[in-house]
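*Asks:* Below are the sequence and a predicted model; questions follow.
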Amino acid sequence: MLVAAGCARRAKSTAVATNATVQPVEVVAVSRRDLTESINLVGSVAANETAQIRAEIAGQVRKILFNEGERVTRGQVLVKIDDSELVAQSAQAAAAFRLAELNLERTENLVKGNLISQADADGVRSEYASNKAALALIRTRLAKTELKAPFDGLAGSRSVSLGDYVSSSTATPAITTINDLSRLKIEFQVPERFLDKVRPGSTFEIQARSGGGPARLMGEVYFVSAVIDRTTRSSEVKGYLTNPPEQIKPGMFANVLLVLTVHPGVLTVPEGAILVTPRGPQLITVTQRDGAATAEFVPVTLGLRSRGVVEVAASDPARLREGQPVVAAGVGALILYPGAKLDPRPLRPEFSPGN
């Protein structure tokens, strides 16, 4: 009886020891996906075009032909400045030009008959050209009494009323501002260490808080400054927003997610699956050997990291493929070695990338 009991205890101890050599591990399959490198920046929304409407000549405001906040079209007259003096000057210049034109016609006829000296003829021609230029100058100044919209857009508030005197001085406030909102721009600064990855055509995503809540919009870079600011060590970058809603206004603050690099269809694993060793990073893959799951150590090189996953590549591509299970949790704390028997279990959802 004692011998039987002793044998039973030894058999039980042997079974426990055998089971202890099987290490439970949480695994996840190697997946293939597009991986992007991006940075978060702060930007400001701007109108496609903005123009301040100012008077080019001095005079009293006689007509205001727009309403604040209304849509205007290119060439539309917005403000009319008193032109009575210029109209009189234009009539005077036109009469002088007509006389010079008649004198030129008579002079050319006399030149043909050699009835006038060359010097007198040149004097008449010069007078004709002078009067023609004077008439053009007056008409140009007369045209400037009508302030027109330079492009289609929305009129801002106005700073003048009927009867106000305006001048061409830049010290006086602009009469109004025209904003082209057919599309919007985003302006932001990119640190110099990332500039070599930013170029016209680079894409970005912005998040701005509008009246209806956060709005996420896509955009594309069209301008990268060739100069780096010495103070901030960054460069100005501008991009166009795609189909912005009306709630997004120029001057709004926005968070910018700028895409620097895209690696399409690369093999990825969770960051927790990387085992850092003196020989370099490795993955512990789960392979079937003699009907049992065993550990195999595969040296890898690391690439982009994004949202808890990392790009990996094995020196021997045959040792790492899509769908292959790898130990994804606790790789630095578990006692594992090549050929160790494993009890693979799915990775718990709370430790999955992105959670």
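*Replies:* Ah, there it is. Numbers count the residues shown, from 1 in each chain.
*Asks:* Relative to the whole chain's centre, how far out is the strand or helix carrying residue 303?
*Replies:* Here residue 303, judged by DSSP states H and E, is contained in strand 292-306. Relative to the centre of its chain, strand 292-306 is centred 36 Å away, using Cα atoms, centre = their mean, to the nearest Å.
*Asks:* in it, what counts as buried?
*Replies:* Neighbour-count burial for strand 292-306 flags 293, 294, 295, 296, 297, 298, 300, 303, 304, 306 (criterion: 16 or more other Cβ atoms under 10 Å). In short, each C-beta sits where N, CA and C put it, glycine included.
*Asks:* May I see those arranged in a markdown table, with pLDDT and distance to residue 188 as well?
*Replies:* As requested, the buried residues of strand 292-306 are arranged in a markdown table below (pLDDT from 0 to 100; distance: Cβ to Cβ, whole Å):
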| residue | pLDDT | distance to residue 188 |
| --- | --- | --- |
| 293 | 89 | 50 |
| 294 | 91 | 51 |
| 295 | 89 | 47 |
| 296 | 92 | 46 |
| 297 | 93 | 44 |
| 298 | 93 | 41 |
| 300 | 93 | 35 |
| 303 | 91 | 26 |
| 304 | 90 | 22 |
| 306 | 84 | 20 |
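*Asks:* Skip ahead from the strand holding residue 303 and say which helix or strand is next.
*Replies:* Following strand 292-306 toward the C-terminus (DSSP H and E): strand 309-314.
*Asks:* circling back to that earlier point, would you turn the buried residues of strand 292-306 into CSV with distance to residue 194?
*Replies:* Listed next are these as CSV, based on distance: Cβ to Cβ, whole Å:
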residue, distance to residue 194
293, 43
294, 43
295, 39
296, 38
297, 35
298, 32
300, 26
303, 17
304, 14
306, 15
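*Asks:* with the residues you listed in mind, which one is nearest to residue 245?
*Replies:* residue 306 (28.1 Å; Cβ to Cβ).
*Asks:* Hmm, the closest one is touching residue 34, no?
*Replies:* No - Residue 306 lies out of contact with residue 34 (Cβ atoms under 8 Å); the separation is 9.7 Å.
*Asks:* so how far is residue 288 from residue 321?
*Replies:* 14 Å (Cβ to Cβ, to the nearest Å).
*Asks:* Repeat that for residue 126.
*Replies:* Taking Cβ to Cβ, one finds residue 126 at 103 Å from residue 288.
*Asks:* who's more crowded, those two?
*Replies:* Taking other Cβ atoms under 10 Å, residue 126 and residue 288 do not tie; residue 126 has more neighbours (11 against 8).
*Asks:* That one is in what secondary structure piece?
*Replies:* Assigned by DSSP H and E, residue 126 falls in helix 118-143.
*Asks:* Output the contacting helices and strands for that helix.
*Replies:* helix 84-112 (3 or more Cβ pairs under 8 Å, 6 or more residues apart in numbering; DSSP states H and E).
*Asks:* Flag every buried residue along the helix it packs on.
*Replies:* 86, 89, 90, 93, 96, 97, 100, 103, 104, 107, 111.
*Asks:* quick check, nearest of those residues to residue 240?
*Replies:* Nearest to residue 240 among the buried residues of helix 84-112, with distances taken as Cβ to Cβ, is residue 86, at 41.8 Å.
*Asks:* thinking that closest one is in contact with residue 145, fair?
*Replies:* Yes - in this structure, residue 86 is within contact of residue 145 by Cβ under 8 Å, at 6.6 Å.
*Asks:* returning to that earlier point: now do the strand holding residue 303: everything it contacts.
*Replies:* Strand 292-306 has contacts (Cβ atoms under 8 Å, 6 or more residues apart in numbering) with 23, 35-38, 261, 263, 266, 271, 274-275, 279-288, 310-316, 319-320, 327, 336-344.
*Asks:* I'd like to check the angle between that strand and strand 309-314, please.
*Replies:* 120 degrees (axes from the mean of the first three to the mean of the last three Cα atoms, to 10 degrees).
*Asks:* what helices or strands is the strand or helix carrying residue 35 leaning on?
*Replies:* Residue 35 belongs to strand 31-53 when elements are defined using DSSP H and E. Here strand 31-53 touches strand 153-155, strand 176-191, strand 253-270, strand 292-306, strand 309-314, going by 3+ Cβ pairs under 8 Å, 6+ apart.
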